[in-house]
Each structure stands twice: as C-alpha cells, then as structure tokens.
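Asks: Return a 3D structure for these sequence lines:
(chains A and B)
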Amino acid sequence: MRIELDRPRCEGHGLCEEAAPQLMHLDDDGELVIDVTDVDDAGLDAARAAVRVCPVAALRLAPA
Amino acid sequence: MTMRRIVVVGNGIAGLTACDSLRAAGFDGELTIVGAEPHHPYSRPALSKALLHGNENLQAHHLPAPTHEATELLGVSAIGLNTRSRTVRLDGGAELPYDGLVIASGSRAKRLGADRLQRSGQQDDPPRELTLRTIEDAIHLKERVASQPSVVVIGGGPLGMEVASGCLAVGCDVTLVSDTTPLSRQLGQHLAGIFTAAAVRRGLRIVGGGRARLAGHGDGTKVVLADGSELVADLVVTAIGDEPNVDWLAGAGLLTDGMLKVDSRGRVRPDIVAAGDVAFLPTPRGLARVPLWTSAIDQAKAAAIGLLRGNAALEVEFQPYFWTEGFGLSLKAVGWMPLAGTPDFCDPGANADSMLMCWGEEDGAGAAAAVNYRIPVPKLRRLAGAGPAVVRTAPPARV
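Replies: Below you'll find the model as predicted:
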C-alpha cells in the first residue's frame, strides 16, 4: 500500500508521527515528511493507525 | 468464554477504533457496529474548526472509509440492553445477540430548551437554539450564519469559543454569554486570558449575568439572564456541554449514579467494555469523562484488548492532547487541564503571537502548550513529561 498525503489539509498535529514514527515525521518547520511511501506488510498496521488518528484526514492509504 | 460475536454500539471515532483494534488483535468473528447517525464516522473536532471557518471546504470532516469489514447498521439506534440474555435491542424491535459488547454511544449536546420540548412532546415551535454536535448541525449552522445574522453564543467553553470565532469570521455581530473568563474552566486562567484578549480584539462581546433562559422574539430569540438582563439575536447557539448517551442502558444495571464507569482496561464487566465520550474512567484527577479525540482513540484501543484478553490487557494510560483554534490563534496542549497559574517556562516563537509554554504541576504531571507555534505532538509530550526544569534556559554562569 501507498501512503498519500493531502498537504493542504495537514495541520501539523503530528499524531501520525506518534502512531508510526518509522514511517513519517514532522520536520523542524512542522511540515510532515513521509519517510516510507510504499508500505510493506510489516508496516501496514502502523500506517493504518497513522491514517486513522489524523483528525483532518490528511493521510490516505491507496493501493500501490 | 470464546468471543464469536462482538457488537459495537456507536459509530464515532471510538466505535471505529474499537472495530479496527479488535481486528488488529486477531478477532475474526462476527463484528457488528450500530450507529445512530446515518454516516460513516467523521471527524467531529473538524466541525467547529475547519468546517465552520473554511470557505468552501465541506470535506474537512471526512475520514477514510472503514476497513474493518464489520456489518454496519447505520441510522439505527440501540434502545435497550439485556445483560442476561446478552442482547442489544434496536430501534425497530430487532435484537442483536453478542458474546462481547463495546459501548461507544458517545454523548449529545445539552440544550437549554430540552425540558420544554420533552414536556410538550412535540416540536411545533421552531427550535429557539441551535447546537453543534453532528455534521447536520454544522451544515445547518454554516447555512444560517452565511446571511450574517446577529448571534448570541451561550457557553464559554472551547466549542462556544470556536463557534463565536467562526461567526465573527463571516461578519456576524457576536455576543458570548459566559459567567467566567471563557475557556478558564477548561484551560486555566493563563491560556484563557490569551484567547479571550484575542477574541475581544476581533470584536467579540462577552457578557455575564447568570443562567440563561430562552424566549421567542419575533423571528429571533430573546435570551434572559438570571440577573434580568436581556439579549436579542437572530440566532442563538448553545454550547453548554454534552451529556453521555446512556438512556438506552436504563434498567441494564450498569450505571452508577447515572454514570457508566469503566476500569483501567475499559471494562464495565468482563463481557462489556466502554470507550469514548460515554465512559467515566480512572484518571490522575479522579474518575472523569475525557471527551477528546485522541482520548477516544486511546480508550477504544485499550477497551478492545480489554474485551479480548481481560486482565492480560495493558491498562490504558494516556496524556490528554487537546487543540482548539479561533480568533487567529491555534492552541495545541498536552497534559491534564486546567493549568494553574502562569507557565514555568515560556519561549516566544518566530511571530509576535506565537509561544511555547510549560507547566510543572504539583502532582508531578507536567503540561505543555503551544500557541501559533508549530511543534509535533511527540515533542510537545516530551516537554510536558520532562517538566520545566529540562527546557528552562540555564542561568548565566557566574564570573
């Protein structure tokens, strides 16, 4: 699966980073950086948790 | 016993997260989710924030479609529970059997006029107040304020302030009724003062005067306060808190003084757990509801595991995360609130109105708050957990 970010929606809460620090992080300016775009099975649970926790639904999981 | 059938009552973020967590933990039995609202889950915090402020973005609240493959009964209310036969009674008469039950039925807006409507049993009078809890409420409110009516908002909590800010932003004349400094009961005086000053600068009128009562007044509504003062507005929005949806549990024997209490693993009993706005849970500040987005998610994860694994489940432990925006300010805060006194540490940010603050609370639990200051939540949590000593700048060296 592939993590897609709708950047204009992102408000920089960073709850996704908390859920999946191995996949994404906020940089020093508070901008979200997706470190791993194509997620393998091992990372799928974390990716789903990150997508779910975003209160503005800025993240989506799409078929790779 | 083996859990083959689990029913989740409530299709908000807590119910959704419970379903996801049950599946992630390996539950592959029959899962049914019952939601009173006829929608897939959406982001409730966005309703009073992005949706009300946004110009055309009516998608702000949309969440990705669920992947838990539960049977979804949407637009259907649970109206009764029988814990002996293990069945949930649905509006319409159907009975849903369960081996395990997740109660995530949420809460609803309190209304000033509720007594009147319940007594008369009919709604022939136009409602004199709007509330904001559901997506329908938000769309209706957005439509009503578009013509720039005069607005009275009753209630000085985060929702009342967000609504007031949204109405001001579209050009309404807005009066907020609050007997204390708005937000002070939720955030403490320091942060409340920052928001209230910004609100007044942007034209918000704030009045006290005691308990409000509503009366008709032509096409608008008259607000009569306990001290006798009166306000007249085209539109009255009440934001006086929420009450848990536990009516359907009456007679089930699960409530204590009207409260649905859970233990540290989200359990009401071994076969029933609860999460989200409906549940009273043990917190460092005593038994309390914590009706916040991230709290609902954390509670639902714990409750799902508590249902499947019992005492082997981890206890829920979280540090609340809260955010609000309005009047040109955006707040992110971590920790148990309200916060007493002034911050122990304050770092001005890049802009005139941005700041990062920390409090070290006496009970050892720290808190951190960022106003117009972009900072990831994990970092904010570290600041809160570390307390002020770690971030306080070192005193100048003696020479």
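Asks: Would you mind listing the buried residues in stretch B:370-389?
Replies: For stretch B:370-389, the neighbour count (16 or more other Cβ atoms under 10 Å in any protein chain shown) marks B:370-381, B:383-384, B:387-388 as buried. From N, CA and C alone the C-beta is placed, and that goes for glycine too.
Asks: among the residues you listed, which are in strands?
Replies: Among these, the members found in strands (DSSP state E) are B:370-371.
Asks: Any idea which residue of chain A lies closest to chain B?
Replies: Going by Cβ to the nearest Cβ, chain B is nearest to A:Gly30 of chain A, at 2.8 Å.
Asks: and the closest residue to that residue other than its chain neighbours, how far is that from B:Leu74?
Replies: Of all residues not flanking A:Gly30 in the chain, B:Arg374 sits nearest, at 2.8 Å (Cβ to Cβ, 6 or more residues apart in numbering or on different chains). Plainly put, B:Arg374 is 37 Å away from B:Leu74 if you go by Cβ to Cβ, to the nearest Å.
Asks: ok, now B:Gly156?
Replies: 34 Å.
Asks: Could you do B:Gln319 as well?
Replies: B:Gln319 is 33 Å from B:Leu74, by Cβ to Cβ.
Asks: Ok, B:Tyr42 next?
Replies: Counting by Cβ to Cβ, the gap from B:Tyr42 to B:Leu74 is 12 Å.
Asks: So what pairs up with the closest residue to B:Val278 other than its chain neighbours in the strands?
Replies: Excluding its sequence neighbours, the residue lying closest to B:Val278 (Cβ to Cβ, 6+ apart) is B:Pro244, at 4.5 Å. Listed beta-bridge partners, B:Pro244: B:Ser107 (assigned using DSSP bridges).
Asks: and chain B, which residues reach chain A?
Replies: Within reach of chain A by Cβ under 8 Å from any Cβ of the partner chain, chain B has these residues: B:16-17, B:20, B:24, B:43, B:45-46, B:50, B:60-64, B:67, B:293-294, B:297, B:321, B:323, B:330, B:332, B:374-379, B:381.
Asks: Drop anything exposed from those residues.
Replies: Among these, those classed as buried by neighbour count (16+ other Cβ under 10 Å) are B:16-17, B:20, B:24, B:43, B:45-46, B:50, B:60-64, B:293-294, B:297, B:321, B:323, B:330, B:332, B:374-379, B:381.
Asks: thinking again about what came up before, neighbour count winner among B:Gln319 and B:Leu74?
Replies: Neighbour count, other Cβ atoms under 10 Å in any protein chain shown: between B:Gln319 and B:Leu74, B:Gln319 has more, with 20 against 14.
Asks: The more buried one contacts B:Arg382, doesn't it?
Replies: No. With contacts counted by Cβ atoms under 8 Å, B:Gln319 stays clear of B:Arg382, the gap being 10.7 Å.
Asks: And the closest residue to chain A within chain B, how far from B:Gly218?
Replies: With Cβ to the nearest Cβ, the shortest gap between chain B and chain A falls at B:Arg374, namely 2.8 Å. In this structure, B:Arg374 and B:Gly218 are 47 Å apart, going by Cβ to Cβ.
Asks: max-length helix in chain B?
Replies: Ordering each helix of chain B by length in residues (DSSP state H) puts helix B:293-309 first.
Asks: again with chain A
Replies: helix A:44-53.
Asks: coming back round to it: among the residues of chain B next to chain A, which are in helices?
Replies: Short answer: the residues of chain B next to chain A in helices (DSSP H) are B:16-17, B:20, B:24, B:45-46, B:293-294, B:297, B:377-379, B:381.
Asks: export those to TSV and tack on pLDDT?
Replies: Shown next, in TSV, are those (pLDDT from 0 to 100):
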residue	pLDDT
B:Leu16	94
B:Thr17	94
B:Asp20	92
B:Ala24	89
B:Pro45	90
B:Ala46	86
B:Trp293	93
B:Thr294	91
B:Ile297	92
B:Val377	83
B:Pro378	82
B:Lys379	85
B:Arg381	87
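Asks: with those in mind, which one is nearest to B:Val8?
Replies: Nearest to B:Val8 among those, counting by Cβ to Cβ, is B:Leu16 at 8.6 Å.
Asks: The closest one - nearest residue in space that isn't next to it in sequence?
Replies: Leaving aside its chain neighbours, B:Leu16 sits nearest to B:Pro41 (4.4 Å; criterion: Cβ to Cβ, 6+ apart).
Asks: can you pull the contacts of that neighbour?
Replies: For B:Pro41, the contact set (Cβ atoms under 8 Å, 6 or more residues apart in numbering or on different chains) comprises B:11-13, B:15-16, B:35, B:63, B:66.
Asks: Please enumerate the helices of the stretch 151-300 of chain B.
Replies: B:158-169, B:184-187, B:189-201, B:293-309 (DSSP state H, counting those that start in this stretch).
Asks: Count the neighbours of the residue of chain A closest to chain B for me.
Replies: 17.
Asks: what pLDDT does it get?
Replies: We note a pLDDT of 79 for A:Gly30 in this prediction.
Asks: Spatially, what comes nearest to B:Trp323 if we skip its sequence neighbours?
Replies: Looking at B:Trp323 with Cβ to Cβ, 6+ apart, the closest residue is B:Lys332, at 4.8 Å.
Asks: same deal with B:Arg381?
Replies: Per Cβ to Cβ, 6+ apart, closest to B:Arg381 is B:Val334, 5.2 Å.
Asks: OK, contacts around the one you found?
Replies: B:319-322, B:367-369, B:377, B:380-381, B:383-384.
Asks: And it, how far from A:Val51?
Replies: Counting by Cβ to Cβ - B:Val334 and A:Val51 are separated by 22 Å.
Asks: How about the residues of chain A by chain B?
Replies: Residues of chain A lying near chain B (Cβ under 8 Å from any Cβ): A:9, A:11-15, A:17-18, A:21, A:25-26, A:29-30, A:45, A:48, A:51-53, A:55-57, A:59-61.
Asks: Filter those down to the buried ones.
Replies: By neighbour count, with 16+ other Cβ under 10 Å, the residues of chain A next to chain B hold A:9, A:11-15, A:17-18, A:25-26, A:30, A:48, A:51-53, A:55-57, A:59-61 as buried.
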